[in-house]
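A.B. asks: return atomic coordinates for the entry below.
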Amino acid sequence: MTENPVTQDQVQPRSVVARLPKYAAGKPPASVQGMTAYKLSSNEIPFGPLDAVHQAVVEQNSLNRYPDPLSTKLRDALADYLDVPAQDIVTGAGSLGALVQILNTFAGQNEDGVQDEVIYAWRSFEAYPILVQTAGALPVEIPLLEDGRHDLESMIAAVNENTSVILLCTPNNPTGPVLTQAEVDDFLARVPKNVLVVLDEAYIEFVRDEKSVDGIHTYNENENVVLLRTFSKAHGMANLRVGYSVAHPQITENIRVVATPFAVSSVAEDAAVASLANIDQVLERVEGLVSERERVVAALSEQGWKIPSTQANFVWLPLGANTEQFVERANAVALSVRGFADEGVRVSIGEVEANDRFIELCKESLDLA
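C.D. replies: Now for the predicted structure:
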């Protein structure tokens, strides 16, 4: 039966909705008899929150009350941990929610009808084009360099009088490389001071490159810089949706005007505070994942794979037209991976057995490299 054609007397979405790319969440692994299935498609860590976090969730007894809209306890805890003023922190529903707040504040269509432009590397976090266009701004996508890194020179060249925001993802999702402090310092020296530069550091806890940009230092030195961070990755709290931005007061006071009220629940806030109170345990687990990442990278390199240098909790296989074939092979051995059509595959670092199986899959798939 054919669907009825859309007519003018039906409710219509904004025209931009039809142009938006569809966000594709990582799929669960296929069930294969005799094999334990592993999900390596969503950059989740393979274990849940700390026991102290579970306890904080269990003890929450204010579900009938609205949460503190300012997340005061969490902001105070973060202020101590990061050594920044609490007023410089705005919480959100994950770093994604925090970014929505930033874009809704600083990018969109102006009263004269001219749209702001938001520059970002591509491929990068797949939500960027969705959020930018939903806010009413124009996306300006700058292709990555061949090694999966940001092309900062081309990004600078794209800046014009309509540029309002630049997004820098470090480590870059899905390819993995970081931006160095020297690169970012040089970049910021050439960006107009009325352009907001966002450092998306969702995977900051996994970074071991000593030359990597120091987000806190960079924000301290530049009034047009805002950091994005999250409890979804290293802290193992993806389901609780809690993240935050860090910026100077002239930025945060405006973000708070448009911030989603009660975006971070009391459950999520107490859980995040408990996780910060036990940060040594969090970082100890992260260190284990970093070791696994290095083991996987070394094995793939020994096999002959040419992959970007990753500082995140995932690796990127630039498979191009062979992407879907690799995804199918992974499904056949009960591994779910995140394929980007005709570009490549991102694979999260998971349990040791999952990583071993992925290494073996790569060995058997060198014909696709």
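A.B. asks: ok, the closest residue to Arg293 other than its chain neighbours - how many residues close by?
C.D. replies: Leaving aside its sequence neighbours, Arg293 sits nearest to Ile349 (Cβ to Cβ, 6 or more residues apart in numbering; 4.8 Å). Placement of C-beta: from N, CA and C, glycine included. Number of residues near Ile349 (other Cβ atoms under 10 Å) recorded here: 28.
A.B. asks: give the contact list for Ile349.
C.D. replies: Leu40, Pro46, Leu289, Glu292, Arg293, Val296, Asn313, Phe314, Val315, Asn355 (Cβ atoms under 8 Å, 6 or more residues apart in numbering).
A.B. asks: go ahead and confirm Gly148 touches Phe314.
C.D. replies: No: the pair Gly148 / Phe314 is not scored as a contact, 11.8 Å apart, by Cβ atoms under 8 Å.
A.B. asks: isn't Val337 up against Ala330?
C.D. replies: Yes: using Cβ under 8 Å, Val337 and Ala330 qualify as a contacting pair, with a distance of 4.7 Å.
A.B. asks: now for those two: what residues contact both?
C.D. replies: Val345, Phe358.
A.B. asks: secondary structure element for Asn43, which one?
C.D. replies: Secondary structure assignment for Asn43, by DSSP states H and E: no helix or strand.
A.B. asks: find the nearest non-adjacent residue to it, please.
C.D. replies: That would be Ser348: by Cβ to Cβ, 6+ apart, it lies 4.9 Å from Asn43.
A.B. asks: beta partners for that neighbour?
C.D. replies: Beta bridges link Ser348 to Phe314, judged by DSSP bridges.
A.B. asks: contacting residues around it?
C.D. replies: So Ser348 contacts Lys39, Leu40, Ser41, Ser42, Asn43, Glu44, Asn313, Phe314, Arg338 (Cβ under 8 Å, 6+ apart).
A.B. asks: can you do 10 Å?
C.D. replies: Taking Cβ atoms under 10 Å, 6 or more residues apart in numbering, we find Ser348 in contact with 26, 38-46, 174, 233, 289, 293, 312-315, 336-338, 354-355, 358.
A.B. asks: for Asp342, same thing?
C.D. replies: Neighbouring residues of Asp342 by Cβ under 10 Å, 6+ apart: Leu319, Gly320, Ala321, Asn322, Thr323, Glu324.
A.B. asks: how near is it to Gln325?
C.D. replies: Separation of Asp342 from Gln325 (Cβ to Cβ, to the nearest Å) stands at 11 Å.
A.B. asks: would you map the helices across this structure?
C.D. replies: 15-19, 51-58, 72-82, 94-106, 128-134, 152-157, 181-190, 215-221, 249-258, 266-277, 279-303, 323-332, 352-363 (DSSP state H).
A.B. asks: ok, the residue nearest to Ala24 when sequence neighbours are not counted to Ser275 distance?
C.D. replies: Of all residues not flanking Ala24 in the chain, Glu126 sits nearest, at 7.1 Å (Cβ to Cβ, 6+ apart). Glu126 sits 26 Å away from Ser275, going by Cβ to Cβ.
A.B. asks: again with Met35
C.D. replies: 32 Å.
A.B. asks: the two: which has the busier surroundings?
C.D. replies: Ranked by neighbour count (other Cβ under 10 Å), Met35 and Ser275 place Ser275 first, with 24 against 15.
A.B. asks: hmm, the more buried one is touching Thr230, no?
C.D. replies: No: Ser275 is beyond contact range of Thr230, at 11.6 Å (criterion: Cβ atoms under 10 Å).
A.B. asks: who touches both of these two?
C.D. replies: By Cβ under 10 Å, 6+ apart, the residues touching both Ser275 and Thr230 are Met237, Val242.
A.B. asks: what sits against Tyr81?
C.D. replies: So Tyr81 contacts Leu276, Ala277, Ile279 (Cβ under 10 Å, 6+ apart).
A.B. asks: if you set the cut-off to 8 Å instead, what comes out?
C.D. replies: Leu276, Ile279.
A.B. asks: neighbours around Arg229, how many?
C.D. replies: The burial count for Arg229: 25, using other Cβ under 10 Å.
A.B. asks: for Ala247, see how far away it is.
C.D. replies: On the measure of Cβ to Cβ, Arg229 and Ala247 end up 12 Å apart.
A.B. asks: check Gly136 too.
C.D. replies: Distance from Gly136 to Ala247, by Cβ to Cβ: 21 Å.
A.B. asks: out of the two, which sits in the more crowded spot?
C.D. replies: The residue with more neighbours, out of Gly136 and Ala247, is Ala247; 25 against 16, by other Cβ under 10 Å.
A.B. asks: who does the spatially closest residue to that one that is not a sequence neighbour bridge with?
C.D. replies: In this structure, Ala247 finds its nearest non-sequential neighbour in Val226, 3.8 Å apart by Cβ to Cβ, 6+ apart. For Val226, the beta-bridge partners are Val198 (DSSP bridges).
A.B. asks: got a list of what the nearest residue to His150 once chain neighbours are set aside touches?
C.D. replies: Excluding the flanking residues, the one nearest His150 by Cβ to Cβ, 6+ apart is Ala121, at 4.5 Å. Neighbouring residues of Ala121 by Cβ under 8 Å, 6+ apart: Glu141, Ile142, Pro143, Leu144, His150, Asp151, Met155, Leu167, Leu168, Cys169, Asn172.
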